[in-house]
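A.B. asks: how would this look folded up:
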Amino acid sequence: MLPGKLTSKSSDHPIQFFSTQTPNCPYEEIAMVSLSRNKANKLRNIAREMGGDAVVNVRISGYSTGAVLVGNAVIKTYRNGLSGIVIRWLHEDCKE
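C.D. replies: Got it, this is the predicted structure:
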């Protein structure tokens with residue numbers, strides 16, 4: 001991960017997601033980000049603010065937010081989270 005702050009990207013800068021494959025182009029990792037809700041647009045905005053170009057190792061994970069006892073049954077509530085590693089390209093002409 002990089003020390004210090006990078007220049008933010010514009011609000012329309014495209015942010016690619018890579019979940020099962022890694023990019024072909026060389027890159028450096030900026031930071032790992034985890035969100036408590038599955039909001040892809042929020043993750044893209046965070047990546048832009050950090051100066052990123054893409055997010056690798058994107059994962060959706062479910063977690064329990066609680067449980068309620070109703071009669072003899074326990075009803076669990078769940079929420080999905082989203083995480084990944086924000087990266088930036090090392091060469092502006094290579095972005096895949």
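
A.B. asks: mind checking how far stretch 19-27 is from the chain centre?
C.D. replies: Centre-to-centre, stretch 19-27 and its host chain are 14 Å apart (Cα atoms, centre = their mean, to the nearest Å).

A.B. asks: Same question for stretch 30-38.
C.D. replies: 5 Å.

A.B. asks: Stretch 21-28 now?
C.D. replies: 15 Å.

A.B. asks: repeat for stretch 20-33
C.D. replies: 11 Å.

A.B. asks: what's next to it, contact-wise?
C.D. replies: 1-2, 6, 16, 43, 46-47, 50-56, 83-91, 94-96 (Cβ atoms under 8 Å, 6 or more residues apart in numbering). Glycine gets a C-beta too; all of them are placed from N, C-alpha and C.

A.B. asks: From those, keep the buried residues only.
C.D. replies: The neighbour-count test (16 or more other Cβ atoms under 10 Å) marks 16, 43, 46-47, 50-56, 83-89 as buried among the contacts of stretch 20-33.
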